[in-house]
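A.B. asks: sequence and computational prediction follow.
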Amino acid sequence: MKNTLTEAVKIKIEEAESISILSHLNPDPDALGTALGIYACIKQDKRKKIEIVNGSKVLPKYLDFLPGYGKIKHQMEYSNSLIIACDCGSVDRLGFDLSGRDIINIDHHKSNTNYGSINVVVKEHVSSSQVAYEVFKDFCNIEQDVATCFYTALLSDTRYFTTSNMNKEVFQLAYDLVDAGAKPEVVSFNLTQRRPLSSLRILERALESLTLYGDAKIAILSITKQDILSTGATMPDVEGIVDYVRSLATVEVAVFAMELEDDIKFSLRSKKIDLTEIAMHFKGGGHSHAAGFTIKNSSLQESIDTILVKIKELGIVNEKKK
């Protein structure tokens, strides 16, 4: 992290009369953990007017152990505040009209559009919390609340330290956060042992739909609007479903399709294949091995067929010659 970039962030925050910390819609632990960690940092200055906001109506309940979770609003109250955007690749995914607003963009997504007035985007980092830690450690006390939030984000986005971009710097960061007060046993318990019944019911529906294509190298799961209604599932309940089929021995690309009111939302995962090109084609984004996008005005099966055609066109999965 360049010192000039960190200094620019520090100056912006010092000059701001009010600050709104935002994370992307349908937030995951990296989004909320990073945002809450930054919130815990900045509120150490009692003079600052600060709010933390997410535009989604439903937030992951299992993250309610994070310090500051109860402070999250669903609407911004400050009309002219400095915006700190966390873990969000494009400004529209924040869910608010931010035209003309000063934005500090803190992220690690390869597809980030650099929409901020200050863009702190480190694509090589494993989580947005790693980016945030490197920025704020120079002018903020990394106390227990901050460490807990950042560690939760780090643990989740590395899939419990199993992703291909793990290195000694990541383990050093984990050590530093635990040393600052994060409790690994508390974090891991909340991330893995607090699933609601609805999440298992919707998982069952998704697994029933499992279909393999291309010599079993492509796996597709799907759920319908009726599945969501009948199981009582919410958006946080579907998080991680796509990873179940990525774990199959033959699968190289896993696809999870979810039918919403007017759109089909897709999550893609791979073991080694770069998914960036297919995600960008459908105006989505993410990482090399974890991406997502939405197809509008299409039926569930039509959308799935479109994805299969595009995967074949791009040649990202090599099928055996018949």
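C.D. replies: All right, it came through fine. Residues are numbered from 1 along each chain as shown.

A.B. asks: name the element V146 belongs to?
C.D. replies: If you go by DSSP states H and E, V146 is part of helix 144-157.

A.B. asks: so how far is that helix off the chain centroid?
C.D. replies: 13 Å (CA atoms, centre = their mean, to the nearest Å).

A.B. asks: what mean pLDDT does it get?
C.D. replies: The average pLDDT within helix 144-157 is 98.

A.B. asks: list the buried ones in that helix?
C.D. replies: Along helix 144-157, these residues count as buried under the neighbour rule (16 or more other CB atoms under 10 Å): 145-157. Bear in mind the C-beta positions are built from the backbone N, C-alpha and C, glycine included.

A.B. asks: how about stretch 256-269?
C.D. replies: By neighbour count on 16+ other CB under 10 Å, the buried set for stretch 256-269 is 256-259, 264-269.

A.B. asks: where along the stretch 1-150 of the chain do the strands fall?
C.D. replies: Taking DSSP state E, counting those that start in this stretch as the criterion, the stretch 1-150 of the chain carries its strands at 18-23, 49-53, 82-86, 103-107, 118-121.

A.B. asks: number of nearby residues for G95?
C.D. replies: 18 (other CB atoms under 10 Å).

A.B. asks: H281 too?
C.D. replies: 13.

A.B. asks: ok, now which ones touch K310?
C.D. replies: Neighbouring residues of K310 by CB atoms under 8 Å, 6 or more residues apart in numbering: 278, 281-282.

A.B. asks: please, which helix or strand holds it?
C.D. replies: Assigned by DSSP H and E, K310 belongs to helix 300-314.

A.B. asks: quick check on the closest residue to Q144 other than its chain neighbours: phi, psi?
C.D. replies: Excluding the flanking residues, the one nearest Q144 by CB to CB, 6 or more residues apart in numbering is G181, at 3.0 Å. For G181, the backbone dihedrals are phi 130, psi -10 (criterion: degrees, to the nearest 10).

A.B. asks: contacting residues around G181?
C.D. replies: For G181, the contact set (CB under 8 Å, 6+ apart) comprises 143-145, 147-148.
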